[in-house]
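>>> Need coordinates for the below:
(one chain, ligands or ions: 1)
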Amino acid sequence: MKCVICLLRKDLRCNDHPSFHHLVAETHGYDNLLPVYVFPSHQINLSGLVQGNDENPHPAPTSYVGNYSRCGPHRAAFIGQSVWDMKESLEALGSGLIIRAGAIVDVVRDLAKGLEQNGYHVGAVWMTSHEGTEEKADEKAVVSLCEEIGADSKVWVDEKYFIDDRDLEQTHEELPDIFTTYRKTCEPLREKPRPVLPSLEAGSLPKFPDLSAIPPQTRPFVIPETLDGLVEALVKPVASFLENAPEFPEKATSAHPFKGGETKAMQRLLHLIQSEGMKNYKSTRNGLIGTEFSTKLSAYLALGCITARQIHHHLLAYEDGTNTAFEKVDGYGAGENEGTAAIRFELLWRDYMRLCHQKFGDKLFRLEGFKGYEDGNNTAEDKKAKWKTANKERAPPDQSPDPDRVAEILKRFNAGTTGMGLIDAAQRELLHTGYASNRARQNVASFLAKHLDIDWRYGAEWYEMLLVDYDVSSNWANWQYVSGVGNDPRSEVRMFNPVKQAFDYDKDGEYVRSWVPEVAGFSKLENVFQAWTASEKDLEDAGLADNIMVTDPIKRIDFSVDQKPIKPGKRPFFRRKGRSRGSAGGGETSRESEANAVDASSEAQVGNGTVAAVEVQATQDSAFIRDSSAAGIGDRSGGTTVAPIMAETTVREEEG
Ligand SMILES: Cc1cc2nc3c(=O)[nH]c(=O)nc-3n(C[C@H](O)[C@H](O)[C@H](O)COP(=O)(O)OP(=O)(O)OC[C@H]3O[C@@H](n4cnc5c(N)ncnc54)[C@H](O)[C@@H]3O)c2cc1C
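Next up, the predicted model:
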């Protein structure tokens, strides 16, 4: 009996799955199909799956710069749920899923050998292509193994993206370095995705092999027999990742309480259309609190529980009025609207991040980013020297702040005790829930890379550990973008003012108050967003006078809503050294100006016990002149002339 092994990785869905579809719709010559998922030892800590007193033969996978776990508890649970859902869905279709742990190629070798011994000939191993150095190495290893054992191999195109790779206008090398230029080659976006593949019907897949013929999981691992058991085993070794982590605050709620899997992904998608979440997306996407402000589809997309074209397809049905399930929704049958267009735009960003990864390869993980050291006006030495590290071996002898201080800052950055309210709230939300909004992520990345000048890869790796929706391309390329080493054409001058951002996007301080309960009692927003600005009395009343966020904030930003610098008298623990600069008013327009102007030339030193000068003064208005005529849906900048000192600080955008 001829069997094909279908190795699943980040394609954890039954529907709109090319290789399953092929097995149902085309002639192929396989009698049996064995779907397999392997928890990969190089990315997930497998110690919780080890039986008895045996030892895990694989070292705990940790990151390169920060030595953090590669996959933390939130994503470990989400992956476990997604795999289990896949198993149940395949069983409902009359097939099944074998779950294994270890090195992918070893698992495939063992399975192929055992199946051959039990009367099944493994004719082929199929897998879907995924980005990532390790993913590519696994693909190569499996292809070599197939050559060794005389089986065919096939690496399928990853079809979970918006525009199919085969329909792109350009090769990887030709990919424009500016998103807008790329986007223009794809318009109109609504016409670009391929149709979704037909749903699978029960009994349509080739037969699952006899269970008795499938070799068991090799020692020392044991795969639990229940979902709860599996999730517990995956989470256990990585559950504790931060000493003295702040407690989950009583008043905070997770924006991402969702469970993994194709079934949940589809439920979420239908809910988003039926609740008008998609229609209203453009105006709500910058929210910070609750489940409804953006789609929360990212984790499902990252694991391939859903494809971007499935999202598009359902939006089409709503826009074209072809699915009565949506007939009561405002805008049914009325064509593309602002919200649905904006979703497509974001999905294209996701495509673009992956294409950049393909174009630049391992530069994705380098400190100097896609840009490299030779780009721009600065020398390679200047560029290298900008980045502070906690690594004593790599730090130059005169690094300021020194590596110990950087290590301390990083601990506080990770724990959310920097004293910068928005950043602390975002970091605490992340560590408790595995999610933070795009707005919060941009601010966090900008804070680390542009305000503190710390090697941005610490942040990217921390995100890699904690994000439930971690995706190698989206995470690292976004970190590069915000850190100014990636594909942001105005990266040198663009940075976020996290205080102004908090005033703009957390208007009542609800987000910061809920995740940083220490500051919840302050009545003035500026105190909520930077506790050190509170009066001595208010600090005493709040029990914060000796709190490190007040006595040693990592950064102080001189910002007030009335555009007046904060008076020195209001800073009880703050010795002002420098003169802050004023800024010209300008006025931001629309969603395009997503960040806010700061004086990049008055950048701070990282606080060093004794406090640095007042580094940044920002006003509510940013000082740039905008030609808003160029901005359309999705365009976040339009043509922009940047004023000499103050710079526009939009997010992720685009050509000037
Ligand atoms: C520093 C940083 C790190 C990030 N790391 C990741 C990551 O590891 N994985 C990830 O999926 N996204 C990442 N993003 C992008 C974005 O923040 C998330 O996709 C988004 O917040 C997820 O929430 P959502 O699904 O509700 O998004 P929505 O606002 O509902 O957007 C819809 C979908 O569009 C895509 N999308 C939206 N914004 C972006 C973007 N900037 N880049 C790429 N795709 C986007 C996502 O697939 C998202 O699910 C990162 C952004 C920043 C600034």
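
>>> can you give me the mean pLDDT across the helix or strand where Ala341 lies?
Assigned by DSSP states H and E, Ala341 belongs to helix 338-360. For helix 338-360, the mean pLDDT works out to 97.

>>> Just the CA trace of that helix, in PDB.
Output of helix 338-360 as PDB, limited to C-alpha atoms (Å, rounded to 0.1, in the frame of the first residue of the first chain):
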ATOM      1  CA  GLU A 338     -13.500  51.500   4.300                       C
ATOM      2  CA  GLY A 339     -13.200  48.700   6.800                       C
ATOM      3  CA  THR A 340     -12.900  45.800   4.400                       C
ATOM      4  CA  ALA A 341     -10.500  47.800   2.200                       C
ATOM      5  CA  ALA A 342      -8.300  48.500   5.300                       C
ATOM      6  CA  ILE A 343      -8.200  44.800   6.200                       C
ATOM      7  CA  ARG A 344      -7.000  43.900   2.700                       C
ATOM      8  CA  PHE A 345      -4.400  46.600   3.100                       C
ATOM      9  CA  GLU A 346      -3.100  45.100   6.300                       C
ATOM     10  CA  LEU A 347      -3.100  41.600   4.900                       C
ATOM     11  CA  LEU A 348      -0.900  43.000   2.100                       C
ATOM     12  CA  TRP A 349       1.500  44.400   4.700                       C
ATOM     13  CA  ARG A 350       1.800  40.900   6.000                       C
ATOM     14  CA  ASP A 351       2.600  39.600   2.600                       C
ATOM     15  CA  TYR A 352       5.100  42.300   2.100                       C
ATOM     16  CA  MET A 353       7.000  41.500   5.400                       C
ATOM     17  CA  ARG A 354       7.300  37.900   4.200                       C
ATOM     18  CA  LEU A 355       8.500  39.000   0.800                       C
ATOM     19  CA  CYS A 356      11.100  41.200   2.400                       C
ATOM     20  CA  HIS A 357      12.300  38.200   4.400                       C
ATOM     21  CA  GLN A 358      12.600  36.200   1.200                       C
ATOM     22  CA  LYS A 359      14.500  39.100  -0.400                       C
ATOM     23  CA  PHE A 360      16.900  39.800   2.400                       C
END
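
>>> how about it, does it get close to the ligand?
Yes - residues of helix 338-360 contacting the ligand under C-beta under 6 Å from any ligand atom: Ile343, Glu346, Leu347, Trp349, Arg350, Met353. Every residue, glycine included, has its C-beta placed from N, CA and C.

>>> so the fourth one touches Tyr182, yeah?
No - with contact taken as C-beta atoms under 8 Å, Trp349 and Tyr182 are classed as non-touching, separated by 9.7 Å.

>>> got a list of contacts for the helix or strand following the helix holding Ala341?
With elements assigned by DSSP H and E, the helix or strand that comes after helix 338-360 is helix 380-386. The contact list for helix 380-386 (C-beta atoms under 8 Å, 6 or more residues apart in numbering) reads Leu367, Glu368, Tyr373, Glu374, Pro396, Asp453.

>>> Let me know the closest of these to Gly290.
Asp453 (33.8 Å; C-beta to C-beta).

>>> Neighbours of that closest one, how many?
19 (other C-beta atoms under 10 Å).

>>> before we move on, back to that, tell me the one of the residues of helix 338-360 next to the ligand nearest Arg268?
Nearest member of those to Arg268, counting by C-beta to C-beta, is Ile343, at 13.0 Å.

>>> residues contacting the closest one?
Met278, Tyr281, Thr295, Ile311, Leu315.

>>> now the protein, which segments are flagged as low pLDDT?
Under the criterion pLDDT under 70, the flagged ranges of the chain are 374-379, 562-656.

>>> if you set the cut-off to 50 instead, what comes out?
Scanning the chain for pLDDT under 50 picks out the ranges 568-656.

>>> Can you pull the residues of it lying near the ligand?
Counting by C-beta under 6 Å from any ligand atom, the residues of the chain near the ligand are 285, 294-298, 301-302, 343, 346-347, 349-350, 353, 437-438, 441-442, 445, 463, 467, 469-471, 474-475, 478-479, 482, 652.

>>> among these, which are in helices?
Applying DSSP state H to the residues of the chain next to the ligand, the entries found in helices are 298, 301-302, 343, 346-347, 349-350, 353, 438, 441-442, 445, 463, 474-475, 478-479, 482.

>>> nearest to the ligand, of the contacts of helix 380-386?
Using C-beta to the nearest ligand atom, Leu367 comes nearest to the ligand of those, at 15.6 Å.

>>> mind checking how far the closest one is from Ser473?
18 Å (C-beta to C-beta, to the nearest Å).

>>> same deal with Gln310?
19 Å.

>>> try Lys383
Lys383 is 23 Å from Ser473, by C-beta to C-beta.

>>> just to revisit the earlier point, go through the helix holding Ala341 and flag the buried ones.
The neighbour-count criterion (16 or more other C-beta atoms under 10 Å) identifies 339-357, 359-360 as the buried residues of helix 338-360.

>>> next one: stretch 181-188
Tyr182, Arg183, Cys186.

>>> Okay, and which of these map to strands?
Using DSSP state E, no member of the buried residues of stretch 181-188 falls in strands.

>>> ok, these vs Gly203, which is closest?
Cys186 (38.8 Å).

>>> so who does the closest residue to the closest one other than its chain neighbours touch?
Once flanking residues are discounted, Cys186 sits nearest to Lys192: 5.6 Å by C-beta to C-beta, 6 or more residues apart in numbering. By C-beta under 8 Å, 6+ apart, the residues touching Lys192 are Phe162, Ile163, Asp167, Cys186.
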